[in-house]
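A.B. asks: give the three-dimensional model of this entry:
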Amino acid sequence: MFAAHPHPQTAKVRTQNVAPDVPDMPGKADTLGVALLRDGLVGGDAMVQALAHQARRRERVTDILLSRAALPTKQIYAALAAHWETSVIDPARLPPDIRLLDQLGASTCLRKSMFPWRNVGGATVIATAEPEDFSKHRDHLIRLFGPVAMAITPLQAVQDTVLALRGGHLAQAAENRVPDAESCRTLGGATLLRPLALAAALVVLVSLFWPLGLLWLLTGWTFLTLLLSTLLKVAAGLAAGRRPVPEPPPPIIARLPIVSVIVALYRESDIAPRLLRRLGRLEYPRELLDIVLVVEADDRTTRAALARANLPPWMRIVVVPEGKIKTKPRALNFAMDHCRGSIIGVYDAEDAPDPDQITRVVQRFYQRGPEVACLQGVLDFYNPTTNWLSRCFTLEYATWFRIILPGLQRLGLPIPLGGTTLFFRRAALEELGGWDAYNVTEDADLGMRLYRHGYRTELIQTVTGEEANCRTLPWIKQRSRWLKGYMMTWATHMRDPALLWRQLGPWQFAGFQVLLLATLSQFLLVPVLWSFWLPWLGLPHPIADALPPAVTLALIGVLLLTEVVNLTLHLTALHLSGHRFSRWWVLIMHLYFPLGALASYKAAWELVRNPFYWDKTAHGHFDPLDS
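C.D. replies: So this is what the prediction gives:
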């Protein structure tokens, strides 16, 4: 016997040392519902529905009852203890032996919903929230601890206990999961400043001794990157327009997987009602849906809002301890260990996904091999007509997610992921070390690392609505973070160009350069293009005036080609998106993209001064649910 909270009917612990002494756990799991009904702990209607779900989907009765709040959590775990002839552990009253917990590992405890409690009577007591799965882990536990005995503890107790004892270690690990060679955390300080200082010095020297030569170089690079970017858009548009290969009918999946979705929250005072309304529309079975709401320890606003909310059992709160940095990818890494699912998704706080989105993701993963490690959904805006900026943002997103990214996929090029409506095979995500906690566009970086390690991303035609950031200054701040992240991503992966070439291959390597380096060049060098308006205004231009007529015509041709391609893609994307505002708005994109130039200069300055600073984007200003 050991000190715990036993069920009134039993306080016995079954010691499991060798296989013949272990009860038939699947058989006992099948009779749990009958026992709960017999003891009058669950009503007949609720149990009939739960057993029907169990028979149809082969799920655990416990998860079904917990997800539907058919029985208070305390009573369900007490009934589990009675059924499995063991006891309920209360780690808040009787903490575990931290040496045993370290032997199994804090992250393993969270993933397996268990922790070693104490040595009692020659056996190590393992407190688990999922007794049905205990037999799967038994052999590993015996190798670590010798004889083991199973006890019961609630899932929340597992999480609270591990975080209380080893939360700091987990937070530190979340910052360093990605290997040094693939993380941008080693680019800060002198590592980054030295090459930048050398480049700046070279530019100054050239401008002093050969200023005209510098202008020629900048002009040539500007038009070269413009041409390459335009040609890539043409290729992506043509590839996206090809008739797709018909997908087979949706498969019948005998046993649906648990899907965990991480929602990173920061300074969201009224987020709980929005989350409940939007995520509550998801049609995936609640007992298989694991929503992890991750918040920072010092974010009292969001924590208070969530504490006031009556969150359903399929939503959990995970608090990230303080650390060296405070970024979304760090929070995602920390939350990943808490996830129960074999598929891990990411949503933003304001997201409104299609109701059947999770189901379609599961079906697509089921149809694909393990090399497809990531599925990217389509992002769109639910406030496209708020003002001119929201219309332009909507056109940009429609072009990116409905044409460019599908085209890149068909061309076999690496895809810079969006920050939300992402779904990963957990095994692949853990193999890569999760997200780079120091990269402020962790999504784009992860998309590149997936390809470097032989995985692929596919676009899936399911839409998530977001709130368009349609105030000028916040838009510039958000875009500067994205561009700074692109700079960090390019610099990180180009530390060893030969290795990157071998891992990606020539075609993908070229695509990587155009996607990142050419894009960044276009934002930073916009003034070079603008300068070619000077001759039209009757003003001299040091380059344009000296160009041969044939070269001038070639440059004009590049500019015209770019305009035609952009207009065609924007109009096509607007049609595909189904938005009803006037097509004449595509002409105002000329006033929209120059904002990106301002954002790029802010990004370059921050890259030097504060590379890992995360400029938070505020949401909830133009939410139709609040109107």
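
A.B. asks: can you show me the helices along the stretch 201-350 of the chain?
C.D. replies: 211-241, 271-279, 300-308, 328-336 (DSSP state H, counting those that start in this stretch).

A.B. asks: same check, this time on the stretch 351-500 of the chain
C.D. replies: For the stretch 351-500 of the chain, the helices defined by DSSP H, counting those that start in this stretch cover 357-367, 388-399, 405-411, 426-431, 442-452, 472-493, 497-504.

A.B. asks: if you compare those, which one is most tucked away?
C.D. replies: helix 442-452 (a mean of 24; mean count of other Cβ atoms under 10 Å). Yep, even glycine has a C-beta here, placed from its N, CA and C like the rest.

A.B. asks: out of the helices of the stretch 201-350 of the chain, indicate the one that is most buried.
C.D. replies: helix 328-336 (a mean of 27).

A.B. asks: which elements pack onto that helix?
C.D. replies: helix 155-175, strand 259-265, strand 289-296, strand 315-320, helix 442-452 (3 or more Cβ pairs under 8 Å, 6 or more residues apart in numbering; DSSP states H and E).

A.B. asks: out of those, flag the one nearest residue 145.
C.D. replies: Closest to residue 145 of the helices and strands packed on helix 328-336, according to Cβ to Cβ: helix 155-175, at 17.0 Å.

A.B. asks: alpha carbons of the closest one, as PDB, please.
C.D. replies: C-alpha atoms of helix 155-175 as PDB (Å, rounded to 0.1, in the frame of the first residue of the first chain):
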ATOM      1  CA  LEU A 155      -3.900  14.600 -17.300                       C
ATOM      2  CA  GLN A 156      -3.800  18.100 -15.900                       C
ATOM      3  CA  ALA A 157      -2.000  16.800 -12.800                       C
ATOM      4  CA  VAL A 158       0.700  15.300 -15.100                       C
ATOM      5  CA  GLN A 159       1.200  18.600 -16.800                       C
ATOM      6  CA  ASP A 160       1.200  20.700 -13.600                       C
ATOM      7  CA  THR A 161       3.600  18.300 -11.900                       C
ATOM      8  CA  VAL A 162       6.100  18.200 -14.700                       C
ATOM      9  CA  LEU A 163       6.000  21.900 -15.200                       C
ATOM     10  CA  ALA A 164       6.400  22.600 -11.500                       C
ATOM     11  CA  LEU A 165       9.500  20.400 -11.200                       C
ATOM     12  CA  ARG A 166      11.100  20.900 -14.600                       C
ATOM     13  CA  GLY A 167       9.400  23.800 -16.300                       C
ATOM     14  CA  GLY A 168      12.600  25.800 -16.500                       C
ATOM     15  CA  HIS A 169      14.500  23.000 -18.100                       C
ATOM     16  CA  LEU A 170      11.700  22.500 -20.700                       C
ATOM     17  CA  ALA A 171      11.700  26.200 -21.400                       C
ATOM     18  CA  GLN A 172      15.400  26.300 -22.000                       C
ATOM     19  CA  ALA A 173      15.200  23.200 -24.200                       C
ATOM     20  CA  ALA A 174      12.400  25.000 -26.300                       C
ATOM     21  CA  GLU A 175      14.900  27.700 -27.100                       C
END
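
A.B. asks: that helix to strand 315-320, inter-axis angle?
C.D. replies: Angle, helix 155-175 to strand 315-320, by axes from the mean of the first three to the mean of the last three Cα atoms, to 10 degrees: 40 degrees.

A.B. asks: buried ones in helix 155-175, by neighbour count?
C.D. replies: Within helix 155-175, the residues scored as buried using 16 or more other Cβ atoms under 10 Å are 155, 157-163, 165-167, 170-171, 173-175.

A.B. asks: next up, the contacts around the residue located most distally from the centre of the chain.
C.D. replies: Within the chain, residue 538 marks the point farthest from the mean C-alpha position, 51.1 Å out by Cα atoms, centre = their mean. With contacts taken as Cβ atoms under 8 Å, 6 or more residues apart in numbering, residue 538 has no neighbouring residues.

A.B. asks: check residue 439 too.
C.D. replies: 183, 184, 329, 445, 485, 488, 489, 492.

A.B. asks: and what of residue 356?
C.D. replies: Contacts of residue 356 (Cβ under 8 Å, 6+ apart): 283, 462.

A.B. asks: try it again with 10 Å
C.D. replies: 281, 282, 283, 284, 363, 462 (Cβ atoms under 10 Å, 6 or more residues apart in numbering).

A.B. asks: wait, which of these is closest to residue 311?
C.D. replies: residue 282 (14.6 Å).

A.B. asks: right, and the closest one touches residue 289 too?
C.D. replies: Yes - under the criterion of Cβ atoms under 10 Å, residue 282 makes contact with residue 289 at 6.6 Å.

A.B. asks: quick check: neighbours shared by these two?
C.D. replies: In contact with both residue 282 and residue 289: 259, 261, 314, 358, using Cβ under 10 Å, 6+ apart.

A.B. asks: highest neighbour count among those residues?
C.D. replies: residue 261 (29 neighbours; other Cβ atoms under 10 Å).

A.B. asks: wait, that residue sits on residue 353?
C.D. replies: Yes - Residue 261 lies in contact with residue 353 (Cβ under 10 Å); the separation is 9.1 Å.

A.B. asks: greatest separation within the shared contacts of residue 282 and residue 289: which pair is it?
C.D. replies: The widest separation within the shared contacts of residue 282 and residue 289 (Cβ to Cβ) is 11.7 Å, between 314 and 358.
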